[in-house]
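Peer 1: Prediction below, plus the sequence it came from.
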Amino acid sequence: MEDSIRLIDTHAHVALNQFAADREAVIDRAQAAGVVRQIEIGYDLPSSAAAIALAEHYPHIFAVVGLQPNHIPEAPDDWLDQVRRLAAHPKVVAIGEIGLDYHWMKAPPELQERAFREQLALARSLDLPVVIHSREAQDDTLRILSAAARAQPGIMHSFSGDWLYAQACLEIGFLLSFSGPVTFGKATAMHEVARLAPAEMILTETDSPYLTPHPYRGRRNEPAYVRFVAERLAELRGLPLAEVAAQVWANAERVFPRMRDPVAG
């Protein structure tokens, strides 16, 4: 691992039970692989609190808190107030993952949209970026973000659309975060996006323990494997890994300004 290359996993779920037996070793492996910054993502109230607990324990880990659309049905009535309280923690760098999920459809679309809009408004009031989960809901995601978040920085988590969708996301100022599927040989539409996206608008993530990149596809994902994502981005863009890694680092610090705050470690 070259000393000059600093990698960042901007979206992981290491607090999940899949890492209960070896969580510390997983985090150590990531650091040994050059992943010197990691963002733990909440998807409901317990996982958001767990993300903060992990960030408190590890100086290089930061947290994102929020309610993902699939977890709306079990949320208590005061969930938004609870997210607001969690977001006051100095190591919370964004609200997320939030958005729409029409694949599982565990909550009706109108309820998903209301929770989405409420959290977008909360993020604006706290001057925080947003991390977007969008599955089979591209049109409605863009409609809501275009109306509510044009001046608000944000990230399209695990981007999986084509160049047309990518352009629409970029037009409203959202960064595209690439995960394991960009390493898959048949992901040609995603490869086109990875080649064409402006350098200042790309990020790397794993979504651990999901979306494991080649050559470990089919196994549990972990933050150390973000290197394979960064290497594939570099290959697709015809650039050295060090250059892509440095650009992603700068992009992450720009979109998550609390990571630069000395109070946040």
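Peer 2: All right, it came through fine. Keep in mind the model is a prediction, meaning the values are calculated, not measured.
Peer 1: quick one: strands adjacent to the lengthiest strand in the chain?
Peer 2: Within the chain, and with DSSP state E defining each element, the longest strand by residue count is strand 92-101. According to DSSP bridges, the neighbouring strands of strand 92-101, each with its direction, are strand 61-65 (parallel), strand 130-135 (parallel).
Peer 1: Redo those strands as JSON lines? Include distance to residue 18.
Peer 2: Backbone N, C-alpha and C define where each C-beta goes, glycine included. Output for the strands paired with strand 92-101, formatted as JSON lines (distance: least, CB to CB, whole Å):
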{"stretch": "strand 61-65", "distance to residue 18": "17"}
{"stretch": "strand 130-135", "distance to residue 18": "19"}
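Peer 1: Which stretch among those is buried most, on average?
Peer 2: Highest mean neighbour count of the strands paired with strand 92-101: strand 61-65, a mean of 29 (counted as mean count of other CB atoms under 10 Å).
Peer 1: Just the CA atoms of that one, as PDB, please.
Peer 2: Written as PDB, here are the backbone C-alpha positions of strand 61-65 (Å, rounded to 0.1, in the frame of the first residue of the first chain):
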ATOM      1  CA  ILE A  61     -15.000   6.600  11.800                       C
ATOM      2  CA  PHE A  62     -17.900   9.000  11.400                       C
ATOM      3  CA  ALA A  63     -21.600   8.500  11.500                       C
ATOM      4  CA  VAL A  64     -24.700   9.200   9.400                       C
ATOM      5  CA  VAL A  65     -28.200   9.000  11.000                       C
END
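Peer 1: Dump the next helix or strand along the chain from that strand to CSV, keeping only the CA atoms.
Peer 2: Scanning the chain past strand 61-65 towards its C-terminal end, the next helix or strand to appear is helix 79-87 (assignment: DSSP states H and E). The C-alpha trace of helix 79-87 is given here as CSV (Å, rounded to 0.1, in the frame of the first residue of the first chain):
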residue,chain,number,x,y,z
TRP,A,79,-38.8,9.3,15.1
LEU,A,80,-38.0,12.6,13.5
ASP,A,81,-37.3,14.3,16.8
GLN,A,82,-35.1,11.3,17.7
VAL,A,83,-33.1,11.7,14.5
ARG,A,84,-32.7,15.4,15.2
ARG,A,85,-31.3,14.6,18.6
LEU,A,86,-28.9,12.0,17.2
ALA,A,87,-27.8,14.4,14.5
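Peer 1: where in the stretch 151-265 of the chain is pLDDT low?
Peer 2: Scanning the stretch 151-265 of the chain with the threshold set as pLDDT under 70 gives 151, 261-265.
Peer 1: where exactly do the helices run in it?
Peer 2: Using DSSP state H, counting those that start in this stretch, the helices assigned to the stretch 151-265 of the chain run over residues 163-171, 188-196, 226-237, 241-255.
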